[in-house]
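Colleague: Quick one, fold the following:
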Amino acid sequence: MVISYYNSAEGYISNDIRTKKINNGFLITTDFGSWAYLNDEEFRQLKANTLKEPLLGFLKEKGIIVSESNVSSIIDKFRHNAQYSFQGVSFHAVYPSVDSNKKIARTMSKHTAKKIADFILQSASSASVVQFQSNDLQAESEIITYIIDYLKMKNDYNTKNLKFNILGDLTSMSNEILDLSIRENISLYTYFDGCAEVHEKNWGNYDQVFHWIKEITKKYKLNCITIASKNSLDYHTKMIDGFASLGLDSFELTPFYNDAHMFKLNNGVSSNDFLKFWKQILDYLVAINKKNFLAEASTRRILKSIVGEAYIGRTESPFNAISKLAYTCDGEVFYTDKQGNLHDIFRLGSVDDEYFNLLSSKTAEGIVRASLISNPIHETSAFGPYYSISPINAFAENGNIIEKFPNKRSRIIEGMFSHVFEKLLFDEEFSNMFLKWIDK
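Modeller: Residues are numbered from 1 along each chain as shown. Below you'll find the model as predicted:
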């Protein structure tokens, strides 16, 4: 006789669930990213397989329990949310003037730029982001324009959805580059700390950067990133007031994991200090958002993953190991993260190599293996489904591509998810603000 789990007397089985006690109830999550918050009695019924309507129907709808009637929808939702796992390389960080030794060198030649562009177009992904990691926008504008024009010309035959970003220091901004960005719909990103007290210590040239932010935002969208540092911790209100005064609708606060600039300054903060600082920022943003819309982008990504619109962008789960590549001005190719970090151990080859051979090399295979090694702490965490194993973070923190748990990154992500869930469920002011952030 053929036996299926649907033969159970209850007509369902519990999905593979993870739990976390929050206040007087239990947060339940699944490997598929669905979740529910249950009180003690509801949780007891789930564990004892004694569910009755309407709770039974609710948990079926959320994918917390599995039956013949909902298994297909659970799989379809997971396939949609994790579609990036099957699309190949979709993020390409191009360094126009940084060589494979991570030193600022001459600007990339057109010969190398053409090879990089051709390499990018070989990706199996139907949609790709090309991000230029700029050290000097004016000096690099010609080669950036050349790569964009070449990719668009060749893309007529490849029909890829290409998007372009520039992450650069605004001290070298110009009206010509702004006009190029508007004309080509290039997303602009820069590091800015909101107030002079912090920005001058971390980056310098506050007045010049502030001037260009005002000029850009008169005509175009600008994305500001602030890396939490020792210099930031006492200035959360001034920083937020600075973002609000510029009329920005969002900014991104990111932790110091392995950013080269902050590493040189010995300016990183602990996971506890980061979480305290981030919570202070959220508290202040509640007051700000009663008058003006201002969202914190990392928190908004968490919210979007919680409501099922997408998995959290920078911490995709399950992990798509070789989804991001970086290219130096001498044509070397590195496995990288969304910040475009370069580490010698993740050097895969060069654009002179065959695309297939580079991505199936022993180094690439080792990265994939490292990203798939499970850890009991991560596997049993209620927030494990929302973030991945990260070989780059593991190497930056421990000098080994096998990630150890808990670590700084996992403590921060778990702390952020726990706080967001708690505020979303139990704090009306926060939940109102969060829902506006999701809808924007």
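Colleague: If you drop the residues flanking it in sequence, what lies closest to N393?
Modeller: Computed as Cβ to Cβ, 6 or more residues apart in numbering, the closest residue to N393 that is not its neighbour in sequence is R409, at 4.9 Å. All C-beta spots, glycine's among them, are computed from the backbone N, C-alpha and C.
Colleague: The one you found: neighbour count?
Modeller: R409 has 22 neighbouring residues, counting by other Cβ atoms under 10 Å.
Colleague: Strands along the stretch 101-250 of the chain, start to end?
Modeller: 127-134, 161-168, 187-191, 222-227, 250-254 (DSSP state E, counting those that start in this stretch).
Colleague: out of those, nearest to V89?
Modeller: strand 127-134 (7.3 Å; Cβ to Cβ).
Colleague: so how far is that closest one from its chain's centroid?
Modeller: 14 Å (Cα atoms, centre = their mean, to the nearest Å).
Colleague: got TSV for the strands of the stretch 101-250 of the chain, with distance to S181 too?
Modeller: Conversion of the strands of the stretch 101-250 of the chain to TSV gives the following (distance: least, Cβ to Cβ, whole Å):
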stretch	distance to S181
strand 127-134	11
strand 161-168	7
strand 187-191	6
strand 222-227	9
strand 250-254	18
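Colleague: Export the ones you listed as TSV, with columns for mean pLDDT.
Modeller: Shown next, in TSV, are those (pLDDT from 0 to 100):
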stretch	mean pLDDT
strand 127-134	94
strand 161-168	95
strand 187-191	96
strand 222-227	96
strand 250-254	96
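Colleague: Give me the pLDDT for the residue nearest to N393.
Modeller: Looking at R409, its pLDDT reads 90.
Colleague: quick one: it is in a strand?
Modeller: No. Read with DSSP: H, G, I helix; E, B strand; the rest coil, R409 is helix and lies in no strand.
Colleague: Could you export the strands of the stretch 101-250 of the chain as JSON lines, including distance to S141 and mean neighbour count?
Modeller: Formatted as JSON lines, the strands of the stretch 101-250 of the chain follow (distance: least, Cβ to Cβ, whole Å; neighbours: other Cβ atoms under 10 Å):
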{"stretch": "strand 127-134", "distance to S141": "9", "mean neighbour count": "21"}
{"stretch": "strand 161-168", "distance to S141": "10", "mean neighbour count": "19"}
{"stretch": "strand 187-191", "distance to S141": "13", "mean neighbour count": "20"}
{"stretch": "strand 222-227", "distance to S141": "17", "mean neighbour count": "20"}
{"stretch": "strand 250-254", "distance to S141": "24", "mean neighbour count": "20"}
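Colleague: which one of the ones you listed lies closest to S271?
Modeller: strand 250-254 (13.2 Å).
Colleague: In its sheet, which strands sit next to the closest one, and in what direction?
Modeller: strand 222-227 (parallel), strand 295-296 (parallel) (DSSP bridges).
Colleague: Relative to T380, tell me which of those strands wins on proximity.
Modeller: Of those, the one closest to T380 (Cβ to Cβ) turns out to be strand 295-296, at 28.6 Å.
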